[in-house]
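S.K.: Please work out how this folds:
(one chain, ligands or ions: 1)
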Amino acid sequence: MKIDQFPEHIRPYLVPRAGGEYAYECFSCGREHGIERLLYTCPDCGSVLMIKDLEWSRLKRIPGSLWREIFDYRSMLTLPALRGIYRYHELIGSVIPPESVVWLGEGYTPVVAANAVLCDWAGCAFFFKNDGQNPSASFKDRGMASAFSYLNYLIGHRGMEDVLAICASTGDTSASAALYGSYFVHGVKSAVLLPHGKVTPQQLGQPLGSGARVIEIPGVFDDCMKVVEYLSEHYSVALMNSKNAWRILGQESYSYEIAQAFDYEIGDLAVFVPIGNAGNITAVLQGFLKLHDLGIIPALPAVFGVQSEHANPVYLYYLEPEREKRRFRPVTVRPSVAQAAMIGNPVSMPRVVKLVEEYRLRAGEDAVRVVEVSEQEIMDAMLTANRNGHIVCTQGGECLAGCRKAVASGMQAAGRRAVLDATAHALKFSVFQDKYFSDSFEPEYEVVPKAELRNAPVLVSPPDGVPKPVPGREMPPEDFRRFLAFASGAVAELLGLKRKQ
Ligand SMILES: Cc1ncc(COP(=O)(O)O)c(C=O)c1O
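M.R.: Presented below is the predicted three-dimensional model:
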């Protein structure tokens, strides 16, 4: 649609303009720092940072109803910069001009209703929002789009020299960073650090395919994270983990899209998010808070974080009901099928603590909860979802298991609808399905496959005397006729097919 076809009152707002005043804000000491350089921690107190819009009050002068119209009408424009997360340009760093936006097709992932069987199983009506349908097959692309767009802006407008984008990863951050890094013709190269043997073969193949330098380190994600943190403090690199506050801004789009998908009436929803390094739940909470503050949504949805028993530091922290008595303690993780969230010392914990407090202040104590699920529950939930038309990964399974538990325990009212974050594509984690189907989980995983969820291919093998097709070799017609008679008979018998009359 052309601009002059839109209602007159909307036209001045349709195409975003670069501008605004932003600062890094420290959530611990409250100090602010300029954004003209990359900063990951507060120079004064060392805590993690967020990006603050210093002209927020200017956005608040626009009524919520007009914001809703702006976002809805923007979906009809064909500008590449507005097709993805930058539809919400003013909320995720309008200092980045549209021409600096790097868009690889991220965002606008489908919200898919669960069928009646699955809703029954979970105990409530729910939807999966399939972030596995992003370009590198996980939600990380949302944050990479904003962090790389910011780098692009620094290169194009602030004279930044060539930069090495670096990250630690449980598999999905590296896939995403490598993909976005590879899109740059010049100026950016990427390197990723992975815990050796702790990412799936599919995830390892992604940064290799994108041409990034892939470096494996012994230990788990938390060890890799320490190394990249050291590197980012002492060497000239751009850290692309969610410790980089620009990543958080882009990931807030998940909340904005949920609001828009439900016509901004989301006060009756519960949103379930898996927690690892806690960047995602930080962004989801911050996103809903911003929408609420601008009057775009009249009420806040409930947010549930979900963790595995094998990597549960955030769950343990909130187990203590009294705020003053809570003490954060990192945990030593154990092998988990939700391997992408297998993190014992989440970098974003200070952000989570602050945002949960604010969220609860606005929407009540029950508005944010953290639930814990077993490895068995995660696998059973993922496979049950996949059996009912969804392509969720183990972390998506973790959300479904968490939702079912929240309903069963009364934390989530059965009448309340839920949106579950299916954070990555199921195919990235097919090794866990293979282990389940072949009953080959190592004992530490504590997963016992259920017969009704297992599956295996059946080989139809012609007996001696019946010819077999050989790839690349033509079969004589009579041989093929005999093979066809045998194979179709065997398949019909296996499937219990009835002959047509
Ligand atoms: C597929 C997937 N789900 C969930 C998470 C957890 O997200 P976060 O680390 O932001 O808490 C990650 C990454 O860590 C992931 O890759």
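S.K.: centroid residue for the protein?
M.R.: With distances taken as Cα atoms, centre = their mean, the residue of the chain nearest its centroid is Phe139 (2.9 Å).
S.K.: Just to check, it is in contact with Ala424?
M.R.: Yes. Using Cβ atoms under 8 Å, Phe139 is in contact with Ala424, at 7.2 Å. In short, each C-beta sits where N, CA and C put it, glycine included.
S.K.: coming back round to it: now the residue nearest to the centre of the chain: closest residue in space that isn't a chain neighbour?
M.R.: Of all residues not flanking Phe139 in the chain, Asp131 sits nearest, at 3.7 Å (Cβ to Cβ, 6 or more residues apart in numbering).
S.K.: count of neighbours near the one you found?
M.R.: 30 (other Cβ atoms under 10 Å).
S.K.: in whichever strand or helix holds Leu355, what counts as buried?
M.R.: Per DSSP states H and E: Leu355 is located in helix 349-363. Buried residues in helix 349-363, counted by 16 or more other Cβ atoms under 10 Å: 349-356, 359, 363.
S.K.: Which one of those residues is nearest to Trp103?
M.R.: Taking Cβ to Cβ as the measure, Arg351 is the one of the buried residues of helix 349-363 closest to Trp103, at 26.1 Å.
S.K.: Give me the distance between that closest one and Thr41.
M.R.: Distance, Arg351 to Thr41, using Cβ to Cβ, to the nearest Å: 12 Å.
S.K.: who touches both of the two?
M.R.: By Cβ atoms under 8 Å, 6 or more residues apart in numbering, Arg351 and Thr41 have these common neighbours: Val48.
S.K.: so what's Val48 bridging to?
M.R.: Listed by DSSP bridges, the beta-bridge partners for Val48 are Thr41.
S.K.: what sits against it?
M.R.: By Cβ under 8 Å, 6+ apart, Val48 lies in contact with 26-27, 40-42, 243, 245, 347-348, 350-351.
S.K.: so who does Asn134 touch?
M.R.: Per Cβ under 8 Å, 6+ apart, neighbours of Asn134: 105-107, 109, 140-142.
S.K.: Buried only: go through the residues you listed for me.
M.R.: 106-107, 109, 140-142.
S.K.: Could you list which of those residues belong to strands?
M.R.: With strands taken from DSSP state E, there is no overlap with the buried ones among the contacts of Asn134.
S.K.: Pick the one among these closest to the ligand.
M.R.: The closest of the buried ones among the contacts of Asn134 to the ligand turns out to be Lys140 (Cβ to the nearest ligand atom; 6.2 Å).
S.K.: so the closest one sits right up against Ala175, yeah?
M.R.: Yes. Using Cβ under 8 Å, Lys140 is in contact with Ala175, at 7.4 Å.
S.K.: tell me, what's touching these two both at once?
M.R.: Counting by Cβ under 8 Å, 6+ apart, nothing touches both Lys140 and Ala175.
S.K.: What is the end-to-end distance of stretch 345-353?
M.R.: 14 Å (Cα to Cα, to the nearest Å).
S.K.: So which bits of the helix or strand bottoming out on mean pLDDT in the chain are buried?
M.R.: Across the helices and strands of the chain, mean confidence by mean pLDDT, DSSP states H and E is lowest for helix 80-83: a mean of 81. Under the neighbour-count criterion of 16+ other Cβ under 10 Å, helix 80-83 has 81-83 buried.
S.K.: quick one: contacts of that helix?
M.R.: Residues outside helix 80-83 that contact it (Cβ under 8 Å, 6+ apart): 15-16, 74, 89, 98-99, 101, 103, 105, 107-108.
S.K.: Please state the offset of the following helix or strand past it from the chain centre?
M.R.: Sequence order places strand 111-113 as the next helix or strand after helix 80-83, per DSSP H and E. Relative to the centre of its chain, strand 111-113 is centred 16 Å away, using Cα atoms, centre = their mean, to the nearest Å.
S.K.: What are the buried residues along stretch 442-450?
M.R.: 445-447, 449.
S.K.: Now do that stretch: distance from first to last residue.
M.R.: Using Cα to Cα, first and last residues of stretch 442-450 are 16 Å apart.
S.K.: Tell me how far it lies from the chain's centre.
M.R.: Taking mean C-alpha positions (Cα atoms, centre = their mean), stretch 442-450 and its chain are 26 Å apart.
S.K.: And for it, what's in contact with it?
M.R.: Contact with stretch 442-450 is made by 334-337, 374-376, 379-380, 435-437, 439, 441, as judged by Cβ under 8 Å, 6+ apart.
S.K.: Output the residues you listed as CSV; include the columns pLDDT.
M.R.: Listed next are those as CSV, based on pLDDT from 0 to 100:
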residue, pLDDT
Arg334, 97
Pro335, 96
Ser336, 97
Val337, 98
Ser374, 98
Glu375, 98
Gln376, 98
Met379, 98
Asp380, 98
Lys435, 98
Tyr436, 98
Phe437, 98
Asp439, 97
Phe441, 98
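S.K.: By neighbour count, which of those residues wins?
M.R.: Neighbour counts for the contacts of stretch 442-450 (other Cβ under 10 Å) peak at Val337, which has 29 neighbours.
S.K.: wait, is that one part of a helix?
M.R.: No. Under DSSP: H, G, I helix; E, B strand; the rest coil, Val337 sits outside any helix and is assigned coil.
S.K.: what's around Pro43, how many residues?
M.R.: Number of residues near Pro43 (other Cβ under 10 Å) recorded here: 11.
S.K.: Just list the residues touching it, thanks.
M.R.: Taking Cβ under 8 Å, 6+ apart, one finds His33 in contact with Pro43.
S.K.: tell me which element it is part of?
M.R.: Assessed by DSSP H and E, Pro43 sits outside every helix and strand.
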